[in-house]
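Undergrad: What follows is a predicted structure for the sequence shown.
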Amino acid sequence: MENSSLKKFAIFGNPVEHSLSPNMQQAGFRFIDFDATYQKHKLEDGKKIKKAFLEEKYLGANITVPHKEIAYNLADEVRGIAKKIGAVNTYINENGKIIAYNTDAIGFMKAIQDFGKIENALIIGAGGTAKAIAIALLENGVNVTVLNRSEDKLTFFKDLGCKVASWKNFVLDAYDLVINSTSAGLKDDNYPFDKSRLENIFMNANFAFDCIYGKLTPFLALAKKEGLKIKDGEDMLLYQGVEAFELFTNTTSSPELVQAMRKGLRGE
Ligand code: NDP
């Protein structure tokens with residue numbers, strides 16, 4: 001028989017098998033003695049996310065590719081920076097109502113904290129992740145330029161107040177931070193932009209961040225060779241998870257909890 005008092009959480013995505021969120025969140029639950037389950041919920045049709053969330057009686061959920069936009073549209077209420085981004089990665093059940101948040105933006109800002117003050121940033125890529133990052137940086141007073149392979153996705157960023165360029169019309173400038181938010185390098189050895197032009201960008205930059213985690217991508221390897229301080233996407237994944245965890249458990253995180261969740265993420 002189902003235990004109705006059991007606190008249930010999940011991650012919705014398709015595919016979802018590869019997700020490290022269950023390991024990370026369960027490590028957090030164990031650390032604070034929070035009696036709950038967190039499962040992978042493969043969802044093919046994003047339009048069914050609200051029904052699935054309520055039927056399964058989840059108290060909270062994370063949402064990953066490709067359902068972040070539809071999850072935004074179907075939420076009863078969207079809070080915080082997610083309203084500007086138009087995509088959410090966290091659902092909370094508040095008295096039967098679905099409250100939605102985007103914790104990717106704050107996860108990214110926490111991940112780049114060690115770089116110190118950033119005034120100018122270049123984001124390569126213009127997908128969902130780039131939107132969250134651009135809005136987070138703009139809200140923190142950073143000048144943002146977005147460079148993308150194709151032109152069509154750039155309007156959103158232009159309307160936000162970013163400088164925008166496609167591969168065809170990019171003009172070299174100096175940036176404190178260069179970010180790869182494309183999937184180039186994820187399952188291949190591609191650079192997100194022409195290698196020699198990327199080298200020129202790195203010659204005028206200090207820091208490089210790749211949203212991809214768990215590997216040294218060609219983008220990061222090149223930045224390292226050019227002497228930049230580099231970072232992969234592990235901390236972004238970790239801190240978006242910590243923010244979601246705080247919402248799930250209604251607790252405030254400690255450095256020890258963050259450490260426990262990092263170990264969970266790494267399978268240690
Ligand atoms: P989207 O599919 O929404 O966007 C992909 C973007 O990458 C598009 O702008 C596309 O350009 C560009 N792109 C894809 N392939 C190439 C290529 N070979 N060369 C140049 N540009 C390319 O993806 P997301 O924004 O959802 O995710 C982007 C990356 O961020 C993924 O690698 C994902 O794993 C990672 N990620 C990491 C997170 C973390 O917590 N660390 C969280 C979320 C995502 P075009 O418009 O021309 O097609």
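TA: Noted; the coordinates are in hand.
Undergrad: Wait, a strand at Leu154?
TA: No - counting by DSSP: H, G, I helix; E, B strand; the rest coil, Leu154 is not found in a strand; it is helix.
Undergrad: The residue lying closest to it once chain neighbours are set aside: neighbouring residues, count only.
TA: Excluding the flanking residues, the one nearest Leu154 by CB to CB, 6 or more residues apart in numbering is Val164, at 4.2 Å. For every residue, glycine as well, the C-beta is placed using N, CA and C. Neighbour count for Val164, taken as other CB atoms under 10 Å: 23.
Undergrad: Helix, strand, or coil at the residue nearest to Cys162 when sequence neighbours are not counted?
TA: In space, and not counting its chain neighbours, Cys162 is closest to Val144: 4.4 Å by CB to CB, 6+ apart. Following three-state DSSP, Val144 is assigned to strand.
Undergrad: since we're on the residue nearest to Lys68 when sequence neighbours are not counted, how many residues are nearby?
TA: Closest residue to Lys68 apart from its sequence neighbours, by CB to CB, 6+ apart: Ala87 at 3.9 Å. Ala87 has 22 neighbours, counted by other CB under 10 Å.
Undergrad: And Ala87, its phi and psi?
TA: phi -150, psi 140 (degrees, to the nearest 10).
Undergrad: Give me the distance between it and the ligand.
TA: 9 Å (CB to the nearest ligand atom, to the nearest Å).
Undergrad: cool, and Asp159?
TA: Counting by CB to the nearest ligand atom, the gap from Asp159 to the ligand is 16 Å.
Undergrad: and what of Thr252?
TA: Between Thr252 and the ligand the computed distance is 21 Å (CB to the nearest ligand atom).
Undergrad: Name the SS class of the nearest residue to that residue once chain neighbours are set aside, please.
TA: Spatial nearest neighbour of Thr252, chain neighbours left out: Glu246 (6.3 Å); criterion: CB to CB, 6+ apart. Secondary structure assignment for Glu246 (three-state DSSP): helix.
Undergrad: In the stretch 151-268 of the chain, mark out all the helices, start to finish.
TA: Counting by DSSP state H, counting those that start in this stretch, the stretch 151-268 of the chain has helices at residues 155-160, 195-203, 218-225, 234-249, 255-266.
Undergrad: show me the contacts for the residue nearest to Phe31 when sequence neighbours are not counted.
TA: Counting by CB to CB, 6+ apart, the nearest residue to Phe31 once its immediate chain neighbours are dropped is Ala260, at 4.0 Å. Under the criterion of CB atoms under 8 Å, 6 or more residues apart in numbering, the neighbours of Ala260 are 27-28, 30-31.
Undergrad: Looking at those residues, which one is closest to Leu74?
TA: Gly28 (26.3 Å; CB to CB).
Undergrad: So that closest one is in contact with Leu265, correct?
TA: No - taking contacts as CB atoms under 8 Å, Gly28 lies outside contact range of Leu265: 10.0 Å.
Undergrad: So if I had to pick from these two, which one is more boxed in?
TA: Taking other CB under 10 Å, Gly28 and Leu265 do not tie; Gly28 has more neighbours (27 against 21).
Undergrad: what's around Ile70, how many residues?
TA: Counted with other CB under 10 Å, Ile70 comes out at 20.
Undergrad: what's the pLDDT at it?
TA: Per-residue pLDDT puts Ile70 at 97.
Undergrad: ok, now Ser4?
TA: pLDDT recorded at Ser4 is 56.
Undergrad: and what of Lys187?
TA: For Lys187, the model assigns a pLDDT of 88.
Undergrad: need the contact list for the residue nearest to Phe156 when sequence neighbours are not counted.
TA: Of all residues not flanking Phe156 in the chain, Lys131 sits nearest, at 6.6 Å (CB to CB, 6+ apart). Taking CB under 8 Å, 6+ apart, we find Lys131 in contact with 85-87, 156-157.
Undergrad: doesn't Lys131 fall inside a helix?
TA: Yes - the assignment for Lys131 by three-state DSSP puts it in a helix.
Undergrad: count of neighbours near the residue of the stretch 1-150 of the chain at minimum distance from the ligand?
TA: Relative to the ligand, the nearest point of the stretch 1-150 of the chain is Gly127 (1.9 Å; CB to the nearest ligand atom). Using other CB under 10 Å, Gly127 has 14 neighbouring residues.
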